[in-house]
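*Asks:* sequence-free structure coming up:
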Ligand code: NOJ
């Protein structure tokens, strides 16, 4: 049943040294080898240390002067970075420059939407541009290394860090991983994280255990890392979790077999914050010295904050438990990154710091926030039209400069945020007779309903109500996991009260994850899901609600109806007993009903299996009609195809549509997902016009990881099965009506 073209893993560990010895040395290698040959063991170990930011200023300077630091962390500002850099360059024996690192996650000063929101744009080009502008702002203040992008494929919205990644799909996340990397570099080094499997944590709890079979690891979780590495990512970060019992910092298979041998990457591998010393609480090592040994043996190259390399590596070398060659390999990686960043030639940053928030940055932030917003429902109220509308703006997120920035914002200044309320009141818009603002609740978790009476009265007098709800920034991100995905505080009650007035309510949700808002979606006349949109969230929302811009975002993650459905993702298996609707919900099962009388398929008793909104979903102010998908062979022998379909804008608005290509394998060596995204394109289609969208499809795109077991030995390999596939082009992951088929022989 297997196609001739089997894409096997080529293990290069034996061949590479031979290859290297025959290759002429590059200028970069000569420079690094020469430097390395002049370094003492202590200086080498110093390079592997990313300075613990909690040391006091004097101690930091002393450690740098003693050559015990390779990178500083969380030092911002040209003057501050230069001061430490001068010590490294001018007061140490070899003058090796430092590299200043920082979590610059979705913007530096100008804050762009959270990455999950960015993914809703399905526009890697724009994300690349945002990353480039971010890198320029950060580099101007001395930062040359960002701990971004986070490319963990996340299928569980309880996990707070779903906000930081590009959603649940491997292909989509890979596109953004490469785009962000290209954008940051070469201005600052990207660091792809968290290597690997971090997002599959049990129960959606951060730092938690993950169990991922090797084939699934390679099919689902590793490709975005590979995409970033192929785009030239200069570094990666280990993850905190244990993966099948082995924490990443001690995982030789991940860090050496896969990263170095299979992928042939020379990117620097840094630990996460103390993830090396965490091997002790993990229960893998009895003490920190053993942890240092396990980490260096697994080629965790730089130690972020943990101090295990500075404290124990020299001793381990003296005891001959670690060779100097092992240390040299790690030092090479950090020197290489510094070399590629140009730090040896230009260690200092100009202290004439340009103003951040350039016109281009603010325009890009607005555009990305617009494209990150998903129109989930519209009964015709949007865009707001008419004259002399009496507008009520309410809800705890309407005017929150800090909260709209989202998680992981160290350098963005809330004072620079433009809130939705700012944007509406600043606009001279004849549509509105007046704009009244009554938050009703002070913050998203607020349970104080004492202002609801006044709110109801104001709502009665309004023609349209804009209800800004969601989550404060602190409720998503690292260590911010939730067991309940409902709107926090009294926001649901607030919506009940607003809906009871009978006035049209437009709900705008600003959150770090998909929330279970089914009831509110039913109550609202329109729903716009914006995630945390960043500095320019306000103008973007204003533009979308008033029709200056047409919504085009699509869900990068499935929205569950209730938390008990989680994990719920679009590319699941069908099972042998698929069910789309429960035959009977819990309250309608007759008392004493015989055990097997209500059907045996895969369902819950409380909710249909379908999500609230599927992956890839989003509305527009216009409508699109898709033609039948047509699959045409382009090279029969090689099984290459072209998949195409027409998309017509049948409405009245010129607009972008995110057109998506899906496949389903109907038989094969293993069970395959019910649908898989294989391509997408944002296409601009003027009203009334038709475009033909084309996607090439080659057998490599249909390959997946197989496992062969022989006498207790297991080998994994990538192969495309000989099989029949359904192929279709659609507006979201749920539509499958117009599929064609293709056969891989
Ligand atoms: C821990 C987080 O897991 C990681 O993503 C971050 O970059 C580091 N801390 C540094 O702040």
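*Replies:* Everything's here; your move. Predicted, not measured: the structure shown is a model, and the values here were computed from it. Numbering: from 1, shown residues only.
*Asks:* Output the set of residues of the stretch 151-300 of the chain in proximity to the ligand.
*Replies:* 193, 272-273 (Cβ under 6 Å from any ligand atom). Where you see a C-beta, it was placed from the backbone N, CA and C, and this is true even at glycine.
*Asks:* Can you tell me which of these lies closest to residue 718?
*Replies:* Nearest to residue 718, judged by Cβ to Cβ, of these is residue 193 at 24.1 Å.
*Asks:* In the stretch 351-500 of the chain, what residue comes closest to the ligand?
*Replies:* Minimum separation of the stretch 351-500 of the chain from the ligand (Cβ to the nearest ligand atom) falls at residue 478, amounting to 5.5 Å.
*Asks:* Ok, the stretch 251-400 of the chain next?
*Replies:* Nearest residue of the stretch 251-400 of the chain to the ligand (Cβ to the nearest ligand atom) works out as residue 273 at 3.8 Å.
*Asks:* follow-up on the earlier one: now intersect the residues of the stretch 151-300 of the chain next to the ligand with the helices, please.
*Replies:* Using DSSP state H, no member of these sits in helices.
*Asks:* now the residues you listed as CSV including pLDDT and distance to residue 549?
*Replies:* Shown next, in CSV, are these (pLDDT from 0 to 100; distance: Cβ to Cβ, whole Å):
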residue, pLDDT, distance to residue 549
193, 98, 32
272, 98, 38
273, 97, 39
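*Asks:* Show the buried residues in those.
*Replies:* Among these, those buried by neighbour count (16 or more other Cβ atoms under 10 Å) are 193, 272-273.
*Asks:* now, which of these sits nearest residue 647?
*Replies:* residue 193 (36.4 Å).
*Asks:* Quick check: beta-bridge partners of that closest one?
*Replies:* The residues listed as beta-bridge partners of residue 193 by DSSP bridges are residue 150.
*Asks:* Report the contact partners of the residue nearest to the spatial centre of the chain.
*Replies:* With the centre of the chain defined as its mean C-alpha position, the nearest residue by Cα atoms, centre = their mean is residue 165, 1.4 Å away. The contact partners of residue 165, by Cβ atoms under 8 Å, 6 or more residues apart in numbering, come to 115-116, 119, 150-154, 173, 199.
*Asks:* what does residue 55 give?
*Replies:* residue 63.
*Asks:* before we move on, what SS does it have?
*Replies:* Secondary structure, DSSP: H, G, I helix; E, B strand; the rest coil: residue 55 is coil.
*Asks:* before we move on, the earlier item: from memory the residue of the stretch 351-500 of the chain closest to the ligand sits against residue 162, does it?
*Replies:* No - Residue 478 lies out of contact with residue 162 (Cβ atoms under 8 Å); the separation is 11.3 Å.
*Asks:* coming back round to it: what's near enough to touch the residue of the stretch 251-400 of the chain closest to the ligand?
*Replies:* 304-306.
*Asks:* go again using 6 Å as the cut-off
*Replies:* Taking Cβ atoms under 6 Å, 6 or more residues apart in numbering, we find residue 273 in contact with 304-305.
*Asks:* Over to residue 484?
*Replies:* Neighbour list for residue 484: empty [criterion: Cβ under 6 Å, 6+ apart].
*Asks:* Can you tell me the SS state at it?
*Replies:* Assignment for residue 484 (three-state DSSP): coil.
*Asks:* On the pLDDT front, check it for me.
*Replies:* Per-residue confidence (pLDDT) for residue 484: 98.
*Asks:* what's the answer for the one 4 residues further on, then?
*Replies:* The per-residue pLDDT reported for residue 488 equals 98.
*Asks:* With residue 573 instead?
*Replies:* Residue-level pLDDT assigned to residue 573 equals 96.
*Asks:* In three-state terms, label residue 691 for me.
*Replies:* What three-state DSSP gives for residue 691 is strand.
*Asks:* And for the one 10 residues further on?
*Replies:* Put simply, residue 701 is helix when judged by three-state DSSP.
*Asks:* Residue 514 too?
*Replies:* Three-state call for residue 514 (three-state DSSP): coil.
*Asks:* now it, nearest residue through space, not along the chain?
*Replies:* residue 559 (4.2 Å; Cβ to Cβ, 6 or more residues apart in numbering).
*Asks:* roughly how far apart are the one you found and the ligand?
*Replies:* 25 Å (Cβ to the nearest ligand atom, to the nearest Å).
*Asks:* again, but for residue 118
*Replies:* Taken as Cβ to the nearest ligand atom, the span from residue 118 to the ligand is 17 Å.
*Asks:* That residue looks like it's in a strand, true?
*Replies:* No - assessed with three-state DSSP, residue 118 is helix; it does not lie in a strand.
*Asks:* So for stretch 595-615, what gets flagged as buried?
*Replies:* Across stretch 595-615, burial judged by 16+ other Cβ under 10 Å covers 598, 603, 607, 609, 611-615.
*Asks:* Could you do stretch 542-559 as well?
*Replies:* 542-546, 549-559.
*Asks:* which of those residues lies closest to residue 581?
*Replies:* Scanning the buried residues of stretch 542-559 for proximity to residue 581, where the rule is Cβ to Cβ, the winner is residue 558, at 17.0 Å.
*Asks:* coming back round to it: report the contact partners of the residue of the stretch 351-500 of the chain closest to the ligand.
*Replies:* Applying Cβ under 6 Å, 6+ apart to residue 478 gives the contacts residue 161.
*Asks:* okay, it: pLDDT?
*Replies:* Looking at residue 478, its pLDDT reads 97.
*Asks:* so how far is residue 147 from it?
*Replies:* Here residue 478 is placed at a distance of 11 Å from residue 147 (Cβ to Cβ, to the nearest Å).
*Asks:* returning to that earlier point: out of the buried residues of stretch 542-559, which are inside strands?
*Replies:* In strands, judged by DSSP state E, none of the buried residues of stretch 542-559 are found.
*Asks:* Pull the number of nearby residues for whichever residue of the stretch 51-200 of the chain sits closest to the ligand.
*Replies:* As assessed by Cβ to the nearest ligand atom, the ligand sits closest to residue 147 within the stretch 51-200 of the chain, at 3.4 Å. Residues lying near residue 147 (other Cβ atoms under 10 Å) number 24.
*Asks:* about what we covered before: mind putting the buried ones among the residues of the stretch 151-300 of the chain next to the ligand into a markdown table with distance to residue 632?
*Replies:* Below are those laid out as a markdown table (distance: Cβ to Cβ, whole Å):
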| residue | distance to residue 632 |
| --- | --- |
| 193 | 41 |
| 272 | 47 |
| 273 | 52 |
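*Asks:* Pick out whichever of those residues sits closest to residue 279.
*Replies:* residue 272 (12.1 Å).
*Asks:* State the helix or strand in which the residue of the stretch 601-745 of the chain found nearest the ligand lies.
*Replies:* Relative to the ligand, the nearest point of the stretch 601-745 of the chain is residue 615 (24.7 Å; Cβ to the nearest ligand atom). Under DSSP states H and E, no helix or strand contains residue 615.
*Asks:* show me the contacts for it.
*Replies:* Residues near residue 615 by Cβ under 6 Å, 6+ apart: 555, 558, 570, 733.
*Asks:* So which of the residues you listed belong to helices?
*Replies:* Among those, no member falls in helices (DSSP H).
*Asks:* mind putting the residues you listed in JSON lines, pLDDT included?
*Replies:* Converted to JSON lines, the contacts of residue 615 look like this (pLDDT from 0 to 100):
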{"residue": "555", "pLDDT": "98"}
{"residue": "558", "pLDDT": "98"}
{"residue": "570", "pLDDT": "97"}
{"residue": "733", "pLDDT": "96"}
